[in-house]
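**Student:** 3D model of this:
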Amino acid sequence: MKTAWNSLHLGVTHFLLFYIAIFLVTPGETPLYPMVIWSGMIIFSGLIVQFYLNKTIRNKSAGRLRKNHKKTQKIALISALLFLISCVSFKLSNYISIMIPGVLMFMTAISIICTIIYHIKSIDNKEKTIATRVKLVVKYSWIIVSLISYYLARSLTSNSWDIHFDSTSNKLTTVVTALIIIFIFYYAIYFIFIALLYFVTLHKKNIKKKTSVDSNHSISIFAPLFIIGYISFIAFNVQTLNVIKFGFGFSIKYDTRDTFFCSDRYMLLNKHPDARFMFISEGNYRALIPHNDDYYVSRLTCTKSEPFYSLISVVEKKDIILAALKARSEVFSSDVKAIISGDAHHFRKFSVSDTSS
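**Tutor:** Okay, here's the model as predicted:
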């Protein structure tokens with residue numbers, strides 16, 4: 001009875017923590033908001049009803065959890081609590097330092113890693129086979145993901161700013177882009193790893209023929225890990241623009257300056273006083289002009305005549321094609337108007353001549 005009661009307590013606690021977190025990260029103006037409220041009420045009622053209906057399960061004899069299992073459950077609960085506090089801090093980010101949510105998310109990540117480590121220890125054999133394999137997977141996945149992400153980041157930076165690929169190696173923006181790509185990669189790896197670890201746990205359980213207590217233990221570990229990842233994914237999708245804006249806003253300040261040097265003096269763009277300038281070579285810059293939540297990138301080259309610089313926007317193939325299509329549509333529209341006006345003029349001349357006769 002005590003084991004079932006503790007299981008209910010743990011399930012309700014996890015549910016309340018994650019329900020509040022979902023409630024906080026879901027935008028109030030979306031159609032999902034009422035669904036979150038109603039589904040939360042239904043699930044909470046279901047937990048209570050299930051507890052009182054399953055009397056036969058509660059009356060069965062069950063072995064006690066080992067100390068390692070209890071420790072893993074506690075750390076998983078701490079992870080859920082830290083995650084909720086992180087969601088609250090992000091909600092209040094306009095009133096507090098941005099460092100606070102960052103530190104809380106880092107603590108949550110460390111707590112999740114500790115949960116996984118303790119769970120692997122609790123199901124591993126004396127030879128530490130699972131732990132050894134996990135270490136190898138983490139090691140080689142980090143090397144592969146980092147190299148791919150760094151290359152993609154350099155390629156994106158080079159294409160976006162129209163600079164040489166070699167020039168991207170010392171840019172902070174490249175590092176920020178690589179971290180975002182690594183983050184996305186590891187999101188996918190995290191869910192795959194949690195699923196594989198869950199199946200390994202089931203396999204170990206079937207071999208050792210453990211009691212039903214192990215099922216409650218597995219749910220109390222894997223449900224928080226999966227839900228934390230899922231809610232974080234939703235929150236990241238909702239706040240993607242803000243995350244990218246903050247990351248690139250921070251890095252661009254260190255990769256650029258607020259003036260450029262032409263005609264033996266420092267200058268700025270009068271029409272764009274907030275523009276940033278990246279030095280490429282003598283008399284050659286990239287101008288990053290803010291526009292809404294993005295930047296327009298232009299090639300700025302020093303000249304000998306006033307205003308002593310030329311500014312050419314960096315465009316891609318699709319932009320050139322769209323501009324050509326737009327020009328053709330304007331020519332076609334003007335031709336159609338000329339034909340229509342010509343026919344109307346001809347019709348007026350015909351009417352006048354017909355009347356005079």
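**Student:** Please count neighbours and contacts with C-alpha atoms only from this point.
**Tutor:** Noted.
**Student:** Count residues in the vicinity of Phe90, would you?
**Tutor:** 23 (other CA atoms under 10 Å).
**Student:** how about it, what does it touch?
**Tutor:** Pro101 (CA atoms under 8 Å, 6 or more residues apart in numbering).
**Student:** Just confirm it is within a strand.
**Tutor:** No: Phe90: not assigned to a strand; according to DSSP: H, G, I helix; E, B strand; the rest coil it is helix.
**Student:** How far away from the center of its chain is stretch 73-84?
**Tutor:** Centroid separation for stretch 73-84 versus its chain: 22 Å, with CA atoms, centre = their mean, to the nearest Å.
**Student:** ditto for stretch 175-193
**Tutor:** 9 Å.
**Student:** List of residues touching that stretch?
**Tutor:** The contact list for stretch 175-193 (CA under 8 Å, 6+ apart) reads Val145, Ser146, Ser149, Tyr150, Leu152, Ala153, Phe226, Gly229, Phe233, Gly247, Phe248, Ser251.
**Student:** quick one: which of these sit in strands?
**Tutor:** The strands, defined by DSSP state E, take in nothing from the contacts of stretch 175-193.
**Student:** Any chance of CSV for those residues, columns neighbour count?
**Tutor:** Formatted as CSV, those follow (neighbours: other CA atoms under 10 Å):
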residue, neighbour count
Val145, 17
Ser146, 17
Ser149, 23
Tyr150, 20
Leu152, 16
Ala153, 24
Phe226, 15
Gly229, 18
Phe233, 16
Gly247, 18
Phe248, 17
Ser251, 17
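**Student:** Grab the two from those that are most spread out in space.
**Tutor:** Largest separation among the contacts of stretch 175-193 by CA to CA: Phe226 and Ser251, giving 31.9 Å.
**Student:** Let me know the closest of the contacts of stretch 175-193 to Leu172.
**Tutor:** Among the contacts of stretch 175-193, and counting by CA to CA, the member closest to Leu172 is Ser251, at 5.4 Å.
**Student:** Let me see the contact set for the closest one.
**Tutor:** Leu172, Thr173, Val176.
**Student:** Number of residues surrounding Phe183?
**Tutor:** By other CA under 10 Å, neighbour count at Phe183 equals 14.
**Student:** a helix runs through it, doesn't it?
**Tutor:** Yes: according to three-state DSSP, Phe183 belongs to a helix.
**Student:** got the domain boundaries for the protein?
**Tutor:** What automatic domain parsing lists as the domains of the chain is 2-251, 257-342.
**Student:** Now render those as CSV, adding mean pLDDT.
**Tutor:** Listed next are the domains of the chain as CSV, based on pLDDT from 0 to 100:
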stretch, mean pLDDT
domain 2-251, 74
domain 257-342, 84
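**Student:** Tell me who's in contact with Leu172.
**Tutor:** So Leu172 contacts Ser251, Ile252, Tyr254, Asp255 (CA under 8 Å, 6+ apart).
**Student:** same check, this time on Leu225
**Tutor:** Counted by CA under 8 Å, 6+ apart, Leu225 has contacts Ala76, Ile112, Ile194.
**Student:** Same question for Asp293.
**Tutor:** Lys245 are the contacts of Asp293 under CA under 8 Å, 6+ apart.
**Student:** Can you classify the residue nearest to the spatial centre of the chain as helix, strand or coil?
**Tutor:** Closest to where the C-alpha atoms of the chain average out (CA atoms, centre = their mean) is Phe236, at 4.1 Å. Three-state call for Phe236 (three-state DSSP): helix.
**Student:** where along the stretch 51-200 of the chain do the strands fall?
**Tutor:** In the stretch 51-200 of the chain, no strands are found when defined by DSSP state E, counting those that start in this stretch.
**Student:** Sorry, slip of the keys, the one I care about is the stretch 251-357 of the chain.
**Tutor:** 260-262, 265-267, 276-281, 284-291, 294-302, 309-313.
**Student:** Among those, which comes closest to Thr157?
**Tutor:** Nearest to Thr157, of all those, is strand 294-302, at 11.4 Å by CA to CA.
**Student:** And the closest one, what's buried?
**Tutor:** Judged by neighbour count (16 or more other CA atoms under 10 Å), strand 294-302 contains these buried residues: Tyr296, Val297, Ser298, Arg299, Leu300, Thr301, Cys302.
**Student:** cool, and stretch 192-204?
**Tutor:** Going by neighbour count (16+ other CA under 10 Å), the buried part of stretch 192-204 is Ile194, Leu197, Tyr198, Thr201.
**Student:** of these, closest to Ser281?
**Tutor:** For the buried residues of stretch 192-204, the nearest to Ser281 is Ile194 (48.8 Å; CA to CA).
**Student:** got a list of what that closest one touches?
**Tutor:** Phe222, Leu225, Phe226.
**Student:** now those residues as JSON lines including distance to Leu84?
**Tutor:** Listed next are those as JSON lines, based on distance: CA to CA, whole Å:
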{"residue": "Phe222", "distance to Leu84": "17"}
{"residue": "Leu225", "distance to Leu84": "13"}
{"residue": "Phe226", "distance to Leu84": "14"}
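**Student:** Which of the residues you listed fall in helices?
**Tutor:** Judged by DSSP state H, the contacts of Ile194 include Phe222, Leu225, Phe226 as members of helices.
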